[in-house]
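J.: Fold the following.
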Amino acid sequence: MDTAMGLRERKKRARTQALHEAAVRLALRHGYDNLTVEAIADAAMVSRRTFSNYFAGKREAVLHGDRTRLRRLLDTVAARPASERPWEALTASIREHLIEADLDDNDPAWLEQARLIRAHPELLAEQIATFASFERELALELDRRTPAESRSVTGGRVIAGCFLTALRVGTQTWVDRPEAGTLAELTAQALAEAGRALP
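T.: Numbers count the residues shown, from 1 in each chain. Alright, predicted model coming up:
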């Protein structure tokens, strides 16, 4: 039974990813405003009903990659050694998981996708809401690795907020001025500058 459940879960993840990739590809090719759920389902070779089992609409499908990366980042932070200070755990996690593994500076589609999201208020608002929810979860993890005597009601949220702001600044600088450096370099620079005053 465990094997069957594992296979079902892998198939579910593969279909989710296929729908997400189809949504992004079509949005970049034809424009987000022209994107339809039917077109996404057709491109992924599933029915409209099947699409609805995975996503509430096209906006969710396009932004699925952000949610996945944030969830995996949280898991990576949680797996870091308990002895690491909060900012040290965060920067090591982003280096390990997002910069070195996930984000390819040489992939023009990634840059186009970032610009697509910024150009559409509907997508940008949803992305901001996703990051706000993630900030709360990340703050709880940071509180867990902060000694009780150093913990405060706002401490974890401040560190999490600074971390996500630095990521946003690094990413947006790369989107605006890709000639200034790679995404990894600009993100690392923003994190280093933000972390100077943080524990």
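J.: tell me what the lowest-mean-pLDDT helix or strand in the chain is packed against?
T.: When each helix and strand of the chain is scored by mean pLDDT, DSSP states H and E, helix 108-119 comes last, with a mean of 82. Helix 108-119 sits against helix 2-30, helix 58-79, helix 121-144, helix 155-176, with contacts defined as 3 or more Cβ pairs under 8 Å, 6 or more residues apart in numbering; DSSP states H and E. All C-beta spots, glycine's among them, are computed from the backbone N, C-alpha and C.
J.: Just the C-alphas of it, formatted as PDB.
T.: C-alpha atoms of helix 108-119 as PDB (Å, rounded to 0.1, in the frame of the first residue of the first chain):
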ATOM      1  CA  PRO A 108      15.800  33.400 -20.200                       C
ATOM      2  CA  ALA A 109      12.400  31.900 -19.500                       C
ATOM      3  CA  TRP A 110      12.900  32.400 -15.700                       C
ATOM      4  CA  LEU A 111      13.600  36.100 -16.300                       C
ATOM      5  CA  GLU A 112      10.600  36.400 -18.500                       C
ATOM      6  CA  GLN A 113       8.400  34.700 -15.900                       C
ATOM      7  CA  ALA A 114       9.600  37.100 -13.200                       C
ATOM      8  CA  ARG A 115       8.700  40.000 -15.500                       C
ATOM      9  CA  LEU A 116       5.400  38.500 -16.300                       C
ATOM     10  CA  ILE A 117       4.400  38.300 -12.700                       C
ATOM     11  CA  ARG A 118       5.500  41.900 -12.000                       C
ATOM     12  CA  ALA A 119       3.500  43.200 -15.000                       C
END
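J.: How about the contacts made by the residue most central in space within the chain?
T.: For the chain, the residue nearest the mean C-alpha position is Asp66 (3.1 Å; Cα atoms, centre = their mean). Residues near Asp66 by Cβ atoms under 8 Å, 6 or more residues apart in numbering: Gln127, Thr130.
J.: pretty sure Glu122 contacts Glu60?
T.: No - counting by Cβ atoms under 8 Å, Glu122 stays clear of Glu60, with 11.1 Å between them.
J.: how close does the residue nearest to the centre of the chain get to Arg136?
T.: Using Cβ to Cβ, to the nearest Å, Asp66 is found at 16 Å from Arg136.
J.: Using the record's assignment, carve this protein into domains.
T.: Under the assignment automatic domain parsing, the domains of the chain span 1-55, 62-195.
J.: Count the neighbours of the closest residue to Ala27 other than its chain neighbours for me.
T.: Taking Cβ to Cβ, 6 or more residues apart in numbering, and ignoring the residues beside it in sequence, Ala27 has Leu35 as its nearest neighbour in space, at 4.9 Å. Leu35 has 22 neighbours, counted by other Cβ atoms under 10 Å.
J.: what's Leu35 sitting at in phi/psi?
T.: phi -70, psi 140 (degrees, to the nearest 10).
J.: Low-confidence bits of this structure, can you list those?
T.: 1-5, 98-109, 199 (pLDDT under 70).
J.: hmm, 50 instead?
T.: Applying pLDDT under 50 to the chain flags the ranges 102, 106.
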